[in-house]
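K.L.:
Pasted the sequence and its predicted model underneath.
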Amino acid sequence: QLQLVESGGGLVQPGGSLRLSCVASGLTLDDYAIGWFRQAPGTEREGISCINSRSRGSNTNSARSVAGRFSTSRDDTKNTVYLQMGSLKSEDSGIYYCAAAEQCPFHINYLDPFGPWGQGTQVTVAS
């Protein structure tokens, strides 16, 4: 059974960068799309980005709020998907999750196709 574990979160100053990792175990990531999501206290979980499987072209889509600042990549040899975050803002703070789906949905905030989910990693952007 596929299991996902996120890592790489932490405290970073505004304008800084972080790279999150989503490592899979149990099954290989080859045939899965992986989405990244975040949730701040008191808010709903929102879609950040998604990367399709290599067989579907590994194409990505991102939320407008992070376009140009965040990028998503995958290394199937390491069973890992990355979220590279740059020019971080305080509003980027939250718990970041990754989750698997058959393919990326058209709308990044359509969460229904995704599961299983990782346990999340905390990102705090503050000076």
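P.N.:
That came through, no problem.
K.L.:
Note down every partner strand of the strand or helix carrying L20 and its orientation.
P.N.:
Per DSSP states H and E: L20 is located in strand 18-25. Looking at strand 18-25 with DSSP bridges, its partner strands are strand 3-7 (antiparallel), strand 80-85 (antiparallel).
K.L.:
Show me what counts as buried in it.
P.N.:
By neighbour count, with 16 or more other C-beta atoms under 10 Å as the criterion, the buried positions of strand 18-25 are 18, 20-24. The C-beta positions use only the backbone N, C-alpha and C, and glycine is treated the same way.
K.L.:
From the residues you listed, pick the one nearest V81.
P.N.:
Top of the list for closeness to V81, among those and by C-beta to C-beta, is C22 at 4.5 Å.
K.L.:
Quick one: residues in contact with the lowest-mean-pLDDT helix or strand in the chain.
P.N.:
Among the secondary structure pieces of the chain, namely its helices and strands, strand 60-62 has the lowest mean (mean pLDDT, DSSP states H and E), a mean of 93. Residues from elsewhere that reach strand 60-62, judged by C-beta atoms under 8 Å, 6 or more residues apart in numbering: 48-52, 70-72, 104, 108.
K.L.:
biggest separation within the residues you listed, which pair?
P.N.:
Across the contacts of strand 60-62, no pair lies farther apart than N52 and F70, at 16.4 Å, counting by C-beta to C-beta.
K.L.:
Name the residue in those two with the higher neighbour count.
P.N.:
Comparing N52 with F70 by other C-beta atoms under 10 Å, the one with more neighbours is F70, at 23 against 19.
K.L.:
just checking, next helix/strand downstream of the strand holding L20?
P.N.:
If you walk from strand 18-25 toward the C-terminus, the next helix or strand you reach (DSSP H and E) is strand 33-39.
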